[in-house]
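Undergrad: all I have is the shape, not the residue letters:
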């Protein structure tokens with residue numbers, strides 16, 4: 001950022017205000033440009049240099065020294081401007097950084113001078129020139145060519161205060177990215193996290209696939225779906241809540257390692273860790289179980305952290321988190337004992353558990369099975385207390401209709417959920433592949449839908465696939481946003497979604 005000569009918009013316009021005088025001034029200048037025969041919206045510009053690459057080219061220069069042999073051609077948004085009679089200093093900002101520019105009107109063609117006189121902060125411009133260091137040692141472009149590339153109409157927020165209001169930042173993400181360059185780094189990191197996930201799985205021989213977003217029957221998770229209507233087929237369809245049932249079909253079909261990184265949609269509430277539209281990495285691997293996948297889960301998260309930050313230790317909520325394997329392990333039932341004053345839910349009847357649940361949720365109207373009530377108690381007492389990455393294992397049979405029964409306790413299933421910094425990071429099963437038991441489980445779920453809308457619907461096509469035969473399989477789902485939150489240190493999912501779901505303005 002320029003430390004030598006800066007000028008900013010002194011007014012803080014209301015975003016989108018059509019009668020803002022600064023907006024009208026910009027419109028007037030747009031008219032002048034057109035009257036002078038200057039196209040304020042040219043079709044292209046031969047940008048050849050990135051601003052972040054230029055200062056290293058002149059580290060050898062002393063303050064006040066020039067490098068006329070280094071010619072540059074850059075483009076970006078004008079962020080500050082300080083006219084000085086027949087010259088001006090200004091800063092432009094591109095995707096990767098910002099840099100100071102010095103311009104003397106005497107060095108420009110007449111048409112470029114006319115264009116320069118009508119520019120405002122926020123306009124996008126192209127610059128050709130050479131490099132030098134000012135007397136204070138500031139790397140600077142000495143412009144000998146100027147071109148306006150986009151005359152903007154909306155005034156930028158006042159620079160000193162930026163765009164601080166979070167609701168405005170989420171709603172006007174384009175302005176957020178312009179005014180808060182550090183936010184762009186968060187989303188670059190998000191992109192690198194997803195790339196590192198692909199890199200890890202591709203190196204292990206997995207194949208990336210795609211499953212339908214529009215599904216005639218939703219399944220693979222306990223969630224309310226979004227629905228729509230297909231006019232040509234005259235049928236109701238659902239946005240997928242999970243790709244699980246389709247990915248398992250591919251394991252049945254003979255692919256042994258498949259994954260998908262894609263959007264899931266769940267018609268549920270919005271809070272610090274939930275958005276109705278979110279990104280999941282889900283993968284399935286034949287001939288493995290949940291024990292194997294526990295090791296692979298911690299490996300992939302540690303790999304992503306190391307690839308993106310150079311370390312498996314990250315800072316979240318002001319505290320350090322060590323993502324280095326191996327992670328802690330804790331069963332659902334031991335977790336309740338540990339964090340609910342020694343409560344042993346195995347000794348309680350469903351009626352007794354319901355009474356305990358209603359102490360903190362008097363309006364509870366969900367399923368009243370032993371397993372469902374156990375998980376209500378777990379969610380209330382345990383999850384928020386877990387800081388270091390920990391695998392919560394061995395879930396109640398009733399809440400996991402797609403999961404293989406535990407090999408040593410038929411009341412449980414072989415399932416884990418990793419929890420870290422008080423939030424769930426994913427989910428994994430030893431997948432159920434017994435056709436008779438899978439049908440019985442989904443039949444029970446279908447009956448449960450009378451009182452629990454999130455119970456799994458019957459899916460005959462999926463059952464047909466299981467009848468054809470699925471090998472022993474381990475499946476994993478990873479909440480991409482949750483991993484990005486940990487690695488970037490962002491405490492809200494809305495800060496790592498470019499466009500979080502919001503009510504319309506007004």
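TA: Received, thanks. Owing to the predicted nature of the structure, the values given are computational and were not obtained by experimental measurement.

Undergrad: what number of residues lie near residue 75?
TA: 21 (other C-beta atoms under 10 Å). Every C-beta, even on glycine, is put in place using the N, C-alpha and C of the backbone.

Undergrad: got the contact list for it?
TA: The contact partners of residue 75, by C-beta atoms under 8 Å, 6 or more residues apart in numbering, come to 45, 47, 92, 94, 124, 125, 126, 127, 149.

Undergrad: got the domain ranges for the chain?
TA: 21-162, 181-340+382-495 (automatic domain parsing).

Undergrad: quick revisit: now the contacts of residue 75: which count as buried?
TA: Buried subset of these (neighbour count, 16 or more other C-beta atoms under 10 Å): 45, 92, 94, 124, 125, 126, 127, 149.

Undergrad: can you tell me which two in these are farthest apart?
TA: Of all pairs drawn from the buried ones among the contacts of residue 75, the greatest distance, 12.6 Å, lies between 45 and 92 (C-beta to C-beta).

Undergrad: report the buried residues of the strand ranked longest in the chain.
TA: Among the elements of the chain assigned as strand by DSSP state E, the one spanning the most residues is strand 66-84. Counting neighbours by 16+ other C-beta under 10 Å, one finds that the buried residues in strand 66-84 are 67, 70, 72, 74, 75, 76, 77, 78, 79, 80, 81.

Undergrad: related to what we said a few turns ago, export the domains of the chain to TSV and tack on mean pLDDT and distance to residue 503?
TA: Output for these, formatted as TSV (pLDDT from 0 to 100; distance: least, C-beta to C-beta, whole Å):
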stretch	mean pLDDT	distance to residue 503
domain 21-162	94	22
domain 181-340+382-495	96	10
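
Undergrad: show me what contacts the spatially most distant residue from the centre of the chain?
TA: Of all residues in the chain, residue 106 sits farthest from the chain's C-alpha centroid, using C-alpha atoms, centre = their mean; the distance is 48.0 Å. Contacts of residue 106 were listed using C-beta under 8 Å, 6+ apart, and they are residue 86.

Undergrad: show me the helices in the stretch 1-150 of the chain, by range?
TA: With DSSP state H, counting those that start in this stretch as the definition, the stretch 1-150 of the chain shows helices at residue ranges 21-35, 110-117.

Undergrad: I'd like those helices as TSV, with mean neighbour count and distance to residue 464 appended.
TA: Supplementary listing: those in TSV, determined by neighbours: other C-beta atoms under 10 Å; distance: least, C-beta to C-beta, whole Å:
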stretch	mean neighbour count	distance to residue 464
helix 21-35	15	61
helix 110-117	16	67
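
Undergrad: which one of those helices lies nearest to residue 459?
TA: Closest to residue 459 of the helices of the stretch 1-150 of the chain is helix 21-35 (C-beta to C-beta; 54.4 Å).

Undergrad: buried ones in the helix ranked longest in the chain?
TA: Across the chain, the longest stretch assigned as helix under DSSP state H is helix 181-203. Within helix 181-203, the residues scored as buried using 16+ other C-beta under 10 Å are 183, 186, 187, 189, 190, 192, 193, 194, 196, 197, 200, 201.

Undergrad: can you list the residues that contact that helix?
TA: Residues outside helix 181-203 that contact it (C-beta under 8 Å, 6+ apart): 93, 95, 97-98, 169, 176-177, 208, 257, 259, 261, 279, 281, 283, 299-300, 303-304, 307-308, 478, 480, 483-484, 487-488, 490, 495-496, 498.

Undergrad: going through those residues, which ones are buried?
TA: Among the contacts of helix 181-203, those buried by neighbour count (16+ other C-beta under 10 Å) are 93, 97-98, 169, 176-177, 257, 259, 261, 279, 281, 283, 300, 303-304, 307-308, 478, 480, 483-484, 487-488, 490, 495-496.

Undergrad: those in strands, which ones?
TA: 93, 98, 257, 259, 261, 279, 281, 283, 478.

Undergrad: in the sheet, who's paired with the closest residue to the fourth one other than its chain neighbours?
TA: Once flanking residues are discounted, residue 259 sits nearest to residue 283: 3.6 Å by C-beta to C-beta, 6 or more residues apart in numbering. Applying DSSP bridges to residue 283 yields these beta-bridge partners: residue 259, residue 476.
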